[in-house]
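*Asks:* test case, fold it:
(one chain, ligands or ions: 1)
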Amino acid sequence: MAKKNKVNTSQRKTLRQKEDEYIENLKTKIDEYNPKITKAKFFKDLPISDPTLKGLRESSFIKLTEIQADSIPVSLQGHDVLAAAKTGSGKTLAFLVPVIEKLYREKWTEFDGLGALIISPTRELAMQIYEVLTKIGSRTSFSAGLVIGGKDVKFELERISRINILIGTPGRILQHLDQAVGLNTSNLQMLVLDEADRCLDMGFKKTLDAIVDTLSPSRQTLLFSATQSQSVADLARLSLTDYKTVGTYDVMDGSVNKGPSTPETLQQSYIEVPLADKLDILFSFIKSHLKCKMIVFLSSSKQVHFVYETFRKMQPGISLMHLHGRQKQRARTETLDKFNRAQQVCLFATDVVARGIDFPAVDWVVQVDCPEDVDTYIHRVGRCARYGKKGKSLIMLTPQEQETFLKRLQIRKIEPSKLNIKQSKKKSIKPQLQSLLFKDPELKYLGQKAFISYVRSIYVQKDKEVFKFDELSTEEFAYSLGLPGAPKIKMKGMKTIDQAKERKNAPRQLAFLSRTNEDGEIIEDKSKQPRTKYDKMFERKNQTILSEHYLNITKAQAQEDEDDDFISVRRTNHEINESELPALTLPSSRRAQKKALSKKASLSSKGNASKVVFDDEGEAHPVYELEGEEEFHKKGDAEVQKTEFLSKESAVMADIDGIDKQVAKEKKQEKKRKRLEAIRREMETAMEGDLSGDDGEGQSVAYLGTGNLSDDMHDDDMSESEGHLKKKARTVDYSHGNKPFSSVDDEIIEVEEPQTLEDLESLTAKLIQG
Ligand SMILES: Nc1ncnc2c1ncn2[C@@H]1O[C@H](COP(=O)(O)OP(=O)(O)OP(=O)(O)O)[C@@H](O)[C@H]1O
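*Replies:* Alright, predicted model coming up:
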């Protein structure tokens, strides 16, 4: 329902004049503000407009944090800013307030197009910034857009041209700049690079350079990060002009080191743990902190997945969640939402949430795997002890990592205290893990993947003084995950590859010779032979060998495994143990080679050509070996022996049959599961429709104050129709009604409160059309 409050021309003129005067007054106050003399304590002390102040107050932001007090006045004065401040110190507001204010002072309207661009490294962070912006900007009239996912260009073209403040991830923004004619940056007033260090770490350097290249040099740029590095300094040189530095500095040239980059309210500790005991310690830790909210960092998605799945089965007594980059955006958003609301919960995560995300009231950050560097450490622990609140962190360091990593921390003035584990609290979960993996081939598969990704992560680490690949106790580590043995891993460029090459280049026949047994017979590659039923039986009985079913799962999942070209798993048991082979060496001289290959030599090595079979103990017997008659009769009546033999054999056959049926059933179930999964995925894609182009990511465009993003992004199990039924009617004032000086006719549009991203989109469309 649209109402119209009529304002006549002269009233409008007066309002416009008042607005101009108000803005001029604001500009004077900004120019007169001397940060060296005045240090504002409250937002109200700053030269900022009433609508922003109201938005801040309504969101309970009254007092300034240090970085806000230091940087906002400088940014308001129009300088480029390079700001570094500790995690959780309030950097988001430090750049959002100047952004809103700049557009306000410029009397920006939807017709002026893009006024500010905010780039953040991850989608979660972009959403968080968007959410804060919609809160504090609720009293302004700018439109804000979030671009974090795939989208049909035509759909975006219509909307993006009317966005005033665009927030997004680097790749997505560049795509827009490349494709969307509607995204016109010629008018851009401000560029914000949030978590610049993280953007660079994630390999966005070129993308950022390309974005910066397309923007007008007259824009103002704010560059924020929690840690400083040479690459941030380089980026600053390229993207900032005549900039002011604000906040803490660490290791930059000519910079001042103002102390540790971690919050004072954070109590940090470390513990020395052999790699193979980490999960035991982690489980005990969780069990003794059931009333806490904690984030547990592991180095890869596969480890997160494995630990989450196994710990869930062992039920430590606290709600468990997991979050990593390989999950769909929808699942990630949902988990973030649930974690934020929960009070006692343990979240297993990768570094995808290490930076920037503002989790409320986290008590503990536990780093099970050593971070790649001190910056990552700082960001991880920064998920707690935010905005002056207390928090605790624990890092597990292996004896190999400990000394050097502690030194690295010390250089940055971070000195965690040592914790010792009480012997009474130590409890091994290895037997439980082994039993779980024994029973469930999928868990075993996850365990193998976790093993590989950890070993791989150590191999690829840059800091070889901390991460000592050669000192990894792989067998013990595999055992600690519940695996029967360490999967064989081949790393590109390692010795084994060279050895393989050497072997490959040797004359073929000689290579065969080197694989002959003591009898001169060639040991054939079993995998090339057709597998008999008995081979299969053996595979099933022997738990250390992959079953058919298990192999099927591994094949199916291997396709999605990015590591495959880098490393390959092979079960130890499938390998011929070279040390057990006869010590044959390749003849070195040509003469010796010729001799070795001569027919005579070959025949002499083969010995007697009569056929033999081997018993369970490996003893050779002639193929037809009849039992002595006397011995046979000693065993009892022939008829009874026959019956016994038949019943024994039929019992064996029944067993085998049972196993075969089970395998067939499992195969069928697996097929069904995959079919259902495919249908589910299709349905999801269909439901996401236009909203989600390539990978389920979303995009939204909305006028500020149109609702809470997390609500909008939240996707309940509820069906779409149910979702619509639940909508509440809500009135959104899209005019300048709340602004002290309005230049547009007051107009009220009644809209439904958005529940989902789709709702938010359609609401935006309505507003734009309106
Ligand atoms: N002036 C303020 N008054 C009250 N709370 C504030 C204020 N500024 C920020 N906060 C709160 O402090 C928390 C941390 O803020 P923010 O996420 O902006 O920190 P950050 O410096 O960006 O951290 P990180 O480096 O980890 O991204 C948030 O919950 C935010 O709401």
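
*Asks:* the stretch 201-350 of the chain against the ligand: which residues are in contact?
*Replies:* Neighbours of the ligand within the stretch 201-350 of the chain, by CB under 6 Å from any ligand atom: Ala226. C-beta coordinates here come from the backbone N, C-alpha and C atoms, glycine included.

*Asks:* can you name the residue of the stretch 201-350 of the chain nearest to the ligand?
*Replies:* The nearest approach of the stretch 201-350 of the chain to the ligand comes at Ala226, 3.8 Å away (CB to the nearest ligand atom).

*Asks:* what secondary structure does the nearest residue to that residue once chain neighbours are set aside sit in?
*Replies:* Spatial nearest neighbour of Ala226, chain neighbours left out: Thr87 (4.9 Å); criterion: CB to CB, 6 or more residues apart in numbering. The three-state label for Thr87, taken from DSSP: H, G, I helix; E, B strand; the rest coil, comes out as coil.

*Asks:* just checking, Thr87 touches Lys389?
*Replies:* No - taking contacts as CB atoms under 8 Å, Thr87 lies outside contact range of Lys389: 12.0 Å.

*Asks:* the more surrounded of these two?
*Replies:* Taking other CB atoms under 10 Å, Thr87 and Lys389 do not tie; Thr87 has more neighbours (24 against 15).

*Asks:* same for the longest helix along the chain, what does it pack against?
*Replies:* Ranked by residue count, the top helix of the chain under DSSP state H comes out as helix 638-688. Packing partners of helix 638-688 (3 or more CB pairs under 8 Å, 6 or more residues apart in numbering; DSSP states H and E): helix 533-541, helix 548-558.

*Asks:* so for it, mean pLDDT?
*Replies:* Across helix 638-688, the average pLDDT comes to 73.

*Asks:* now stretch 10-20
*Replies:* Stretch 10-20 comes out at a mean pLDDT of 86.

*Asks:* could I get the buried residue list for it?
*Replies:* 15, 19 (16 or more other CB atoms under 10 Å).

*Asks:* please apply the same query to stretch 337-357.
*Replies:* Neighbour-count burial for stretch 337-357 [16+ other CB under 10 Å]: 339-340, 345-357.

*Asks:* got the CA coordinates for it in CSV?
*Replies:* Only the C-alpha atoms of stretch 337-357 are listed here, as CSV (Å, rounded to 0.1, in the frame of the first residue of the first chain):
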residue,chain,number,x,y,z
ASP,A,337,23.9,-18.8,11.9
LYS,A,338,23.4,-21.8,14.3
PHE,A,339,26.9,-21.3,15.8
ASN,A,340,26.2,-17.7,16.5
ARG,A,341,23.0,-18.5,18.3
ALA,A,342,24.4,-21.5,20.3
GLN,A,343,26.0,-21.0,23.7
GLN,A,344,27.6,-24.4,24.3
VAL,A,345,29.0,-25.7,21.1
CYS,A,346,32.1,-26.9,19.4
LEU,A,347,32.8,-25.9,15.8
PHE,A,348,35.5,-27.7,13.8
ALA,A,349,36.7,-25.4,11.1
THR,A,350,39.4,-24.6,8.6
ASP,A,351,40.9,-21.2,8.1
VAL,A,352,37.9,-20.2,6.1
VAL,A,353,36.5,-18.7,9.2
ALA,A,354,39.9,-17.7,10.7
ARG,A,355,39.7,-14.1,9.6
GLY,A,356,37.2,-11.3,10.0
ILE,A,357,34.2,-13.3,11.1
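
*Asks:* surely Gln77 meets Ile30?
*Replies:* Yes - contact criterion CB under 8 Å: Gln77 and Ile30 qualify, at 5.9 Å.

*Asks:* need the contact list for the residue of the stretch 201-350 of the chain closest to the ligand.
*Replies:* Applying CB atoms under 8 Å, 6 or more residues apart in numbering, we find Ala226 in contact with 84-87, 91, 195, 197, 261, 355-356, 378-379, 382.

*Asks:* and it, what's its pLDDT?
*Replies:* 77.

*Asks:* same deal with Leu157?
*Replies:* At Leu157, pLDDT is 60.

*Asks:* who's in contact with the residue in the stretch 251-400 of the chain positioned nearest to the ligand?
*Replies:* Of all residues in the stretch 251-400 of the chain, Tyr387 sits closest to the ligand, at 3.2 Å by CB to the nearest ligand atom. Tyr387 makes contacts with 65, 88-90, as judged by CB under 8 Å, 6+ apart.

*Asks:* columns neighbour count on top of those residues, output as CSV?
*Replies:* Compiled in CSV, the contacts of Tyr387 are given as follows (neighbours: other CB atoms under 10 Å):
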residue, neighbour count
Thr65, 19
Gly88, 26
Ser89, 22
Gly90, 21
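
*Asks:* the ligand: which of those is nearest?
*Replies:* Gly90 (3.0 Å).

*Asks:* can I assume that closest one is in contact with Thr65?
*Replies:* Yes - using CB under 8 Å, Gly90 is in contact with Thr65, at 3.7 Å.

*Asks:* interface residues of the protein facing the ligand?
*Replies:* Residues of the chain lying near the ligand by CB under 6 Å from any ligand atom: 61, 63-65, 68, 85, 87-93, 226, 356, 358, 382, 386-387.

*Asks:* among the residues you listed, which are in helices?
*Replies:* Judged by DSSP H, the residues of the chain next to the ligand include 68, 91-93 as members of helices.

*Asks:* so for these, which is the shakiest by pLDDT?
*Replies:* Comparing these by pLDDT, Lys91 comes last, at 91.

*Asks:* ramachandran angles for the residue of the stretch 251-400 of the chain closest to the ligand?
*Replies:* phi 40, psi 50 (degrees, to the nearest 10).

*Asks:* please apply the same query to Asp637.
*Replies:* phi -60, psi 140.

*Asks:* residues near it, how many?
*Replies:* By other CB under 10 Å, the residues close to Asp637 number 10.

*Asks:* same check, this time on Tyr22
*Replies:* Neighbour tally, Tyr22, other CB under 10 Å: 16.

*Asks:* surely it is within a helix?
*Replies:* Yes - assigned with three-state DSSP, Tyr22 falls within a helix.

*Asks:* would you mind measuring from it to the ligand?
*Replies:* 24 Å (CB to the nearest ligand atom, to the nearest Å).

*Asks:* just Thr169 next, same as before
*Replies:* Separation of Thr169 from the ligand (CB to the nearest ligand atom): 15 Å.

*Asks:* cool, Leu646 as well?
*Replies:* From Leu646 over to the ligand (counting by CB to the nearest ligand atom), the distance is 74 Å.

*Asks:* neighbours of that residue, how many?
*Replies:* 10.

*Asks:* so for the residue of the stretch 251-400 of the chain closest to the ligand, what's the pLDDT?
*Replies:* 78.

*Asks:* show me the domain layout of this protein.
*Replies:* Domain ranges of the chain: 11-251, 261-513, per the TED database.

*Asks:* so Leu481 touches Gln434, yeah?
*Replies:* No - using CB under 8 Å, Leu481 is not in contact with Gln434, being 9.0 Å away.

*Asks:* so the two - more neighbours on which side?
*Replies:* Per other CB under 10 Å, whichever of Leu481 and Gln434 has more neighbours is Leu481, with 26 against 18.

*Asks:* quick check: the more buried one vs the ligand, distance?
*Replies:* Counting by CB to the nearest ligand atom - Leu481 and the ligand are separated by 32 Å.
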